[in-house]
Every structure is written in structure tokens, then in C-alpha cells.
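Peer 1: Requesting a structural model of the entry that follows:
(one chain, ligands or ions: 2)
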Amino acid sequence: MKIFKFFLDLIAPKKCYSCNKEWHFICEKCFKLEYDFEEICYVCKWKSKKFEIHEPCKKDIYYDKVIILKHYRSNLISKLIKDAKFYNKKEILEEVSYFLYDKFLLNEKIIKLEDYIIISTPSHFLRGLKRWYNTSDLLCREFSKISTINYKNNVLFKIKNTKQQSKMTRKNRLINLQNSFKINKKYIDIIKDKNAIIIDDVISTWTTLNELSNILKQNWVKKIIGLIIASD
Ligand SMILES: [Zn+2]
Ligand SMILES: [Zn+2]
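Peer 2: Ligands and ions are numbered 1, 2, ... in the order given. Reported below is the predicted structural model:
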């Protein structure tokens, strides 16, 4: 039955999840109708212009801003993300990449595109197999096509299969993550002095983002921007 539905989906035209208009899973009009995420500092969750992390909040924090598009509690947004992830509807992510790019331009003053590099969140290859693809990698590829900003796959990689973060306490999360990511040495010259954009659908934990940012900053990356479709 599932396979039958899969083939039906292949031949049926795409329809907007919200208004049923054809050719998109989410049309621009409907996406814009969903509430935007308020501009906040991702550390303290208080207001902050253009999502910048407040200077006093940067103690032990290595990322500089986390730009979030929408609320995960929106039924439409959470359904889109779930279907993209678990029902293999890659086109949803391709469409949303355009909205990510608009939001990025709104919140980041770019002087030269060459100053930026796109980096994906690594997923352990075993966990990657359970799904058909790495969501972050796909978003990064699309974002790179749209923005012409350079993307390097596998700059960071996982060296052990860390347990699912969401069920752990904060202290255990930190222990679990220590030394669980590494940098691919052949990219060090490419990322040096660049501003990194880390793109993902949701942030499951701030600790992963922070750990990745820490490694990048140790390797002379200047500034780190998280770019996320939705958060709670
Ligand atoms: Zn629509
Ligand atoms: Zn803050």
C-alpha cells in the first residue's frame, strides 16, 4: 500500500499543502502567511536585532547568530518538515531553500559572497541510511545553487555514533558530544578566514551547533551563522 502511494505521488502533480495550488508543495504566498520567528538571541531567547547573539551571552558560545524562519509549532511547517524528512519529499526542501536565502539576505549584511562558505551538519552514515538522505546536506546544496556561495560537503564529520541527544540532560549531552566531531584537514585552507553558514531544517540541540562552531573557530573561521527552517 505504501509503495502504491509512492507511485501515485510520483505521477500526481505537486500541490501546495495549504491552498492546493499546483506546482508547489508550498507556494510563496502561503509560506509568507505563517508567522515569522521573532528576531531573538538564540542563547537567552530575548529580542536581538537580526538574530545576533548578544555579546554577554557569548560566554562559551561559538556561533554568532542563528537565523530562524518559522515556528515549528505551526502545523503547516511541521508537516512540511516531517514529510521532507521521513517521506522523502526532497522537493519541499528545494522550495524552502529559496525562502532561506531571502531570510539570509534580510539578516546578514553581505559585502562579498566569497567571504562565505556553506557547511552542513554531519550525520553519522548509519543514521543517514535510515533516512534516504541528509537533510542538512540537501539544503546546503540547494542554498549553494541559489546563492552561488561555495559549499563543501563533509568539512565536518562524526567520529562516533552519538546517542540521540533529545533524551539526555544538558550535562550528559555535553559529555556525549565531546570529541564526537572532527574537521576534514583538506578543507582547512578553504574555510580559513571565512564566515560559515550552517544550514539545517531544525536545531535538535544547541550543543551540537556549538560543538561544530567551536571546531570551526579553532580552525580560523571568522563568524558562524546558523540558518534554520523552524524552531520551537
Ligand atoms: Zn499555497
Ligand atoms: Zn542573549
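Peer 1: Show me how the record splits this structure into domains.
Peer 2: 1-33, 36-231 (automatic domain parsing).
Peer 1: Include mean pLDDT and mean neighbour count when you put those domains into CSV, please.
Peer 2: All C-beta spots, glycine's among them, are computed from the backbone N, C-alpha and C. As requested, the domains of the chain are arranged in CSV below (pLDDT from 0 to 100; neighbours: other Cβ atoms under 10 Å):
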stretch, mean pLDDT, mean neighbour count
domain 1-33, 82, 13
domain 36-231, 90, 17
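Peer 1: Ligand 1: which of those domains is closest?
Peer 2: Across these, ligand 1 has its closest neighbour in domain 1-33 (3.2 Å, Cβ to the ion).
Peer 1: so after the helix or strand hosting residue 209, what's the next helix or strand?
Peer 2: Following DSSP states H and E, one finds residue 209 within helix 206-218. Sequence order places strand 223-231 as the next helix or strand after helix 206-218, per DSSP H and E.
Peer 1: Can you lay out the domains of the chain as CSV showing distance to ligand 2?
Peer 2: Listed next are the domains of the chain as CSV, based on distance: least, Cβ to the ion, whole Å:
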stretch, distance to ligand 2
domain 1-33, 27
domain 36-231, 3
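Peer 1: which residues in the chain form helices?
Peer 2: Assigned by DSSP state H, the chain shows helices spanning 2-11, 28-33, 75-86, 90-107, 125-130, 135-147, 170-177, 188-191, 206-218.
Peer 1: Between the ones you listed, which one is closest to residue 55.
Peer 2: Closest approach to residue 55 among the helices of the chain is made by helix 206-218 (15.8 Å; Cβ to Cβ).
Peer 1: Residues in contact with the closest one: which ones?
Peer 2: Helix 206-218 has contacts (Cβ atoms under 8 Å, 6 or more residues apart in numbering) with 42-43, 60-63, 66, 119, 121-122, 156, 165, 170, 173-174, 177-178, 180-183, 191, 196, 198, 203, 224, 226.
Peer 1: What backbone torsions are found at residue 17?
Peer 2: Torsion angles at residue 17 (phi, psi; degrees, to the nearest 10) stand at phi -60, psi -20.
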